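**Student:** starting from these lines, generate the structure:
(one chain, ligands or ions: 1)
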Amino acid sequence: MASQLRLRSALALVTGAGSGIGRAVSARLAREGAAVAACDLDEAAARDTVRLLGGPAREEGAPGGKHAAFQADVSQAAAARRLLEQVQACFSRPPSVVVSCAGITRDEFLLQMSENDWDKVLAVNLKGIFLITQAAAQALVSSGCHGSIINISSIVGKVGNIGQTNYAASKAGVIGLTQTAARELGRHGIRCNSVLPGFITTPMTQKMPQKVQDKVTGIIPMGHMGDPEDVADVVAFLASGDSGYITGTSVEVTGGLFM
Ligand SMILES: NC(=O)c1ccc[n+]([C@@H]2O[C@H](COP(=O)([O-])OP(=O)(O)OC[C@H]3O[C@@H](n4cnc5c(N)ncnc54)[C@H](O)[C@@H]3O)[C@@H](O)[C@H]2O)c1
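**Tutor:** Next up is the predicted model:
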């Protein structure tokens, strides 16, 4: 999709910005004119993303450059709160676009899954989105600003997937959380939507054995896995005024898988 400059005055906070979908989202929002606060657990990866965005990078807390990198573990309440404080201190305003891409997998069949693998995936994928959505919404409401919150769920949250009870439950939770946030925050001018990617070529899916990747590709109506940019296109739409009357929805980006 050709880039427009629909986000010229926006500040976008992207979590999981150091890789895959989060990096592509950061690049797309920056191309649309947004200043990007790129956050990742892996600080070096977040910095690499900022370098890729072009334009001068701004040091945390210093005036100047357009984009900045931040390190945070989104599953920790204090870290999520601190992240929003740091972003506001750095850019002198709360982010008007918030995209939660941070996510992990710890796959195992239900019969063997450990409590630790269950807890870890739920902590990052679901609690992390709760913490970031809450902290961002509090910042927006207290400053009287409107915003668009976009949470990356997964088609697996709708249909399940063998070996992913923890992941599927976390992603189903993201859909319910986002719908509820949309109901509560609409009157504050804050829209909340989720995106449900199918199988997208990123480091996360490259961990899947080739045999599984081939099998998945075989059942995708469009015949190939998606690119991170396919998801970024939809995020940019949901971030922009072009989706101004859309809230509480989930948009599938799956190449027709499980339609
Ligand atoms: N790739 C796919 O096919 C696919 C499909 C559906 C949904 N998704 C979802 O899209 C999102 C991005 O996935 P991806 O494929 O780009 O994965 P990825 O592994 O390439 O990137 C995930 C990023 O999240 C960061 N991260 C992990 N834990 C974190 C934490 N606690 N705090 C902050 N950052 C953390 C990682 O460091 C990494 O940079 C995830 O939520 C994933 O579940 C991916």
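
**Student:** for residue 201, which non-adjacent residue is closest in space?
**Tutor:** residue 225 (5.0 Å; CB to CB, 6 or more residues apart in numbering). Where C-beta positions appear, they are placed from N, C-alpha and C, glycine not excepted.

**Student:** that neighbour contacts residue 217, correct?
**Tutor:** Yes. Contact between residue 225 and residue 217 holds when scored by CB atoms under 8 Å: they sit 6.0 Å apart.

**Student:** so what sits against both of those two?
**Tutor:** residue 199 (CB atoms under 8 Å, 6 or more residues apart in numbering).

**Student:** contact partners for residue 28?
**Tutor:** Applying CB under 8 Å, 6+ apart, the residues near residue 28 are 3, 229, 232, 233, 235, 236.

**Student:** run the last query once more with 6 Å
**Tutor:** 232, 236 (CB atoms under 6 Å, 6 or more residues apart in numbering).

**Student:** pLDDT at it, what is it?
**Tutor:** pLDDT, residue 28: 97.

**Student:** what of the one 3 residues further on?
**Tutor:** We note a pLDDT of 95 for residue 31 in this prediction.

**Student:** what number of residues lie near residue 232?
**Tutor:** Residue 232 has 26 neighbours, counted by other CB atoms under 10 Å.

**Student:** my read: it touches residue 26, true?
**Tutor:** No. Taking CB atoms under 6 Å as the definition, residue 232 is not a contact partner of residue 26, at 8.5 Å.

**Student:** ok, residue 210 - how many residues close by?
**Tutor:** 8.

**Student:** can you check residue 213 too?
**Tutor:** 16.

**Student:** mind checking what helix or strand follows the helix or strand residue 51 falls within in sequence?
**Tutor:** Assessed by DSSP states H and E, residue 51 sits inside helix 43-53. Where DSSP H and E defines the elements, the next helix or strand beyond helix 43-53 is strand 68-71.

**Student:** does that next one reach the ligand?
**Tutor:** No. Judged by CB under 6 Å from any ligand atom, strand 68-71 makes no contact with the ligand; its nearest approach is 8.3 Å.

**Student:** who does that strand pair up with?
**Tutor:** strand 35-40 (parallel) (DSSP bridges).

**Student:** what's the angle from the strand it pairs with to helix 43-53?
**Tutor:** Between strand 35-40 and helix 43-53, the angle comes out at 150 degrees (axes from the mean of the first three to the mean of the last three CA atoms, to 10 degrees).

**Student:** tell me the mean pLDDT over strand 35-40?
**Tutor:** Mean predicted confidence for strand 35-40 is 97.

**Student:** try stretch 85-102
**Tutor:** Here the average pLDDT along stretch 85-102 is 97.

**Student:** which residues are contacting that stretch?
**Tutor:** If you take CB under 6 Å, 6+ apart as the criterion, stretch 85-102 is touched by 10-16, 21-22, 25, 37, 60-61, 68, 70, 74, 128-129, 132, 136, 139-140, 143, 145, 147-152, 235, 239.
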